[in-house]
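# pasting the sequence and the predicted model now:
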Amino acid sequence: MNLNRFKKMYQINKINNNLIKNGKKKNALILNLTYSNSISNIFKAIILLKPTFSINIKKIRGKIFSVPCLINEQTRINTAVKLLIQSALLKRKGKFVENLKNELSETTNHISVSFKKKDFVNKLAEKNRIHATTKKKNYRNKII
């Protein structure tokens with residue numbers, strides 16, 4: 001029970017640290033205090049926004065391929081938090097706290113901008129899954 005609580009607090013602190021890169025910690029803490037009932041919505045949104053793949057670009061024999069790669073759990077959480085905050089920053093309606101609250105509610109309903117970005121990356125990874133097994137051929141050992 002305590003371990004699960006620790007993980008939740010860790011994720012809340014991760015969101016706070018991402019919020020205060022250009023601001024004050026006091027404002028980030030006010031966000032959690034005013035919307036403490038929406039903590040469960042924050043976790044639902046993070047779970048929905050966690051991507052399973054990242055797209056790496058590789059150049060093989062002069063051709064450029066988008067290669068999907070699996071990412072670990074910690075990177076998934078970081079990416080989800082960044083997607084959530086970036087999409088809330090893109091909205092220029094009113095205060096940031098209101099935008100973040102709206103983004104959380106839209107994410108749980110699968111209609112937010114951040115959810116569409118995650119969906120786009122997953123579709124791109126599915127299209128390019130053929131290139132996931134491509135390897136460079138070693139021509140040095142070939143006897144002519």
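Nice, I can see it.
# rest of the way, CA atoms for contacts and neighbours
OK.
# how near is K116 to T75?
Here K116 is placed at a distance of 19 Å from T75 (Cα to Cα, to the nearest Å).
# one more: G94?
31 Å.
# before we move on, what about F120?
Taking Cα to Cα, one finds F120 at 18 Å from T75.
# where's the closest residue to S87 other than its chain neighbours, which helix or strand?
Of all residues not flanking S87 in the chain, S114 sits nearest, at 5.8 Å (Cα to Cα, 6 or more residues apart in numbering). If you go by DSSP states H and E, S114 is part of helix 113-127.
# helices or strands up against that helix?
In this structure, helix 113-127 makes packing contacts with helix 39-49, strand 53-60, strand 63-70, helix 73-90, judged by 3 or more Cα pairs under 8 Å, 6 or more residues apart in numbering; DSSP states H and E.
# quick revisit: count the residues that sit near the residue nearest to S87.
S114 has 26 neighbouring residues, counting by other Cα atoms under 10 Å.
# now do the contacts for it.
L49, L83, L84, S87, T107 (Cα atoms under 8 Å, 6 or more residues apart in numbering).
# let me know the pLDDT of the residue nearest to the third one when sequence neighbours are not counted.
This points to L84. Nearest non-adjacent residue to L84, counting by Cα to Cα, 6+ apart: S114, 6.0 Å away. Here the pLDDT value assigned to S114 is 91.
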